[in-house]
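Undergrad: Everything below, folded, please.
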Amino acid sequence: MPPPGLRHRLTALVRDPALRVFLAFPIRRKWNHDRDHLPLAPEHFELYRNIHESCWRFLRRFPDLVTPRTRNDAIHWIKLFDPHPESVRCCDKIRVREVIAERAGPAHVVPLYQVHRQFDDIDFATLPPAFAIKTNHDSSGAVLVRDAAHFDRHAARTRISRCLERLHGWDFGEWAYALVPRRVLVEELLEPASAVPPPDYKFICEGGQVIWCAFICTDATGQRIERIDRNGVALPPDAGNAWFQPGRTYVRPDEWSEMVRVAEAIAHDFRMVRVDIYLAGGRVLVGEVTLWSYGGFAEDPRWNAPCDFGGITFDDPRPLDLTQLGLVR
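TA: Sure, this is the predicted structure:
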């Protein structure tokens, strides 16, 4: 998914009736063309429309679904034509722990303290001084508590309650989030003594292999990104993008080979997937398994330039059965 600020702006545009009317004819025309080449049925149209509206507003173009040429195109194709059996578990921040443990081992799961239906069910008396509160179906509502004796519980309740009410992902074509039973989870806060979160290693995997890693760290000016190759070597810096500025602080960690092993163990049967890994106290911990990296709306050249996708192909579309999933609306 896009970062929160841009995501909220994009969601507002998606729901703008005037812009929806403006795009209605070109989307319908493309739909008629794509149906001649792809197994699209009437029940797919709402999801198809959401994908195309979001893509046009963010990238000012529609995705090529018949012959995906860029990684953004491929991600939108996967949303419609590659329903992986683990899609819903991966989108659920609680059940994804099962996927991580089964594929890479339980040592790589972030410790989970509590799971509840609502914020007021949290038993704060049994929690350690530092922890993180999240909802399990979205990507922007985390409350990071570094000192339980001094945090605004009312503000946290308001934020988490709003997240629980929100239908996440559907406006961007990310259908699996709609199938996640919404819960509140409390988990270990990684490196609570630090004022900034630990660096995030986002391993981009295609055909089960790490293609590159986006190393994202936070400093006083915000989040910064560096591109790292499969061997742990920093690639030449680029200009960054609308979400992150370029950084120059990466140092190859001793755990690099283990991080790659974990990412590929999780990614082995996915066409494309992103595995987000943290290093905390020498532990290699998987934070997320992201099916549709950056929602398919990334602006930088590595996502928008034609590529060979690590050798994977898109000549075997399997239509998403929205009726069976209960997502026909």
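
Undergrad: For residue 314, give me phi and psi.
TA: phi -130, psi 40 (degrees, to the nearest 10).

Undergrad: go on, residue 103?
TA: Dihedral angles for residue 103 - degrees, to the nearest 10 - are phi -100, psi -40.

Undergrad: Over to residue 159?
TA: The phi/psi pair for residue 159 (degrees, to the nearest 10) is phi -70, psi -50.

Undergrad: Make sure it is actually in contact with residue 138.
TA: No. Between residue 159 and residue 138 there is no contact under C-beta atoms under 8 Å: 11.0 Å. C-beta coordinates here come from the backbone N, C-alpha and C atoms, glycine included.

Undergrad: neighbour-wise, which of these two wins?
TA: More neighbours surround residue 138 than the other of residue 159 and residue 138, with 23 against 18 (other C-beta atoms under 10 Å).

Undergrad: how about the nearest residue to that one, chain neighbours excluded?
TA: In space, and not counting its chain neighbours, residue 138 is closest to residue 168: 4.0 Å by C-beta to C-beta, 6 or more residues apart in numbering.

Undergrad: Which residues are in contact with that neighbour?
TA: Going by C-beta atoms under 8 Å, 6 or more residues apart in numbering, residue 168 touches 137, 138, 139, 174, 177, 178.

Undergrad: And the next helix or strand past the helix or strand harbouring residue 28?
TA: Residue 28 belongs to helix 17-35 when elements are defined using DSSP states H and E. Next helix or strand after helix 17-35 toward the C-terminus (DSSP H and E): helix 45-59.

Undergrad: Check which helices and strands that following helix sits against.
TA: Judged by 3 or more C-beta pairs under 8 Å, 6 or more residues apart in numbering; DSSP states H and E, helix 45-59 is in contact with helix 4-14, helix 17-35, helix 71-81.

Undergrad: How about it, which residues are buried there?
TA: Neighbour counts using 16 or more other C-beta atoms under 10 Å place 46-59 of helix 45-59 among the buried residues.

Undergrad: The closest residue to residue 79 other than its chain neighbours - how many residues pack around it?
TA: Leaving aside its chain neighbours, residue 79 sits nearest to residue 173 (4.7 Å; criterion: C-beta to C-beta, 6+ apart). When neighbours are defined as other C-beta under 10 Å, residue 173 has 24 of them.

Undergrad: And the one 3 residues further on, by the same measure?
TA: Residue neighbour count, defined by other C-beta under 10 Å, stands at 24 for residue 176.

Undergrad: Next up, phi/psi of it, please.
TA: According to degrees, to the nearest 10, residue 176 has phi -70, psi -30.

Undergrad: Find the residue ranges of the stretch 1-150 of the chain scoring beneath the pLDDT cut-off.
TA: For the stretch 1-150 of the chain, applying pLDDT under 70 flags the ranges 1-15.

Undergrad: Also the stretch 201-329 of the chain?
TA: Ranges of the stretch 201-329 of the chain meeting pLDDT under 70: 238-244, 246, 328-329.

Undergrad: Now do the helices for it: every range, in order, please.
TA: With DSSP state H, counting those that start in this stretch as the criterion, the stretch 201-329 of the chain has helices at 256-267, 301-304, 322-325.

Undergrad: Pick the most deeply packed of the helices and strands packed on helix 45-59.
TA: helix 71-81 (a mean of 24; mean count of other C-beta atoms under 10 Å).

Undergrad: Not counting sequence-adjacent ones, nearest residue to residue 296?
TA: Per C-beta to C-beta, 6+ apart, closest to residue 296 is residue 75, 3.6 Å.

Undergrad: Check residue 203 too.
TA: Per C-beta to C-beta, 6+ apart, closest to residue 203 is residue 263, 3.8 Å.

Undergrad: Check the spacing between the one you found and residue 182 real quick.
TA: Between residue 263 and residue 182 the distance is 28 Å, computed by C-beta to C-beta, to the nearest Å.

Undergrad: Over to residue 56?
TA: Distance from residue 56 to residue 182, by C-beta to C-beta: 29 Å.

Undergrad: And residue 219, by the same measure?
TA: Distance of residue 219 to residue 182, computed by C-beta to C-beta: 34 Å.

Undergrad: give the contact list for residue 59.
TA: The contact partners of residue 59, taken as C-beta under 8 Å, 6+ apart, are 72, 297, 299, 304.

Undergrad: what's the distance between the third one and residue 252?
TA: Translated: residue 299. Per C-beta to C-beta, residue 299 is found 27 Å from residue 252.

Undergrad: Have a look at the two and say which one is more surrounded.
TA: For residue 299 versus residue 252, the count of surrounding residues by other C-beta under 10 Å is larger for residue 299: 15 against 12.

Undergrad: higher neighbour count, residue 219 and residue 182?
TA: residue 182 (18 against 11).

Undergrad: That one in helix, strand or coil?
TA: Under DSSP: H, G, I helix; E, B strand; the rest coil, the three-state class of residue 182 is coil.
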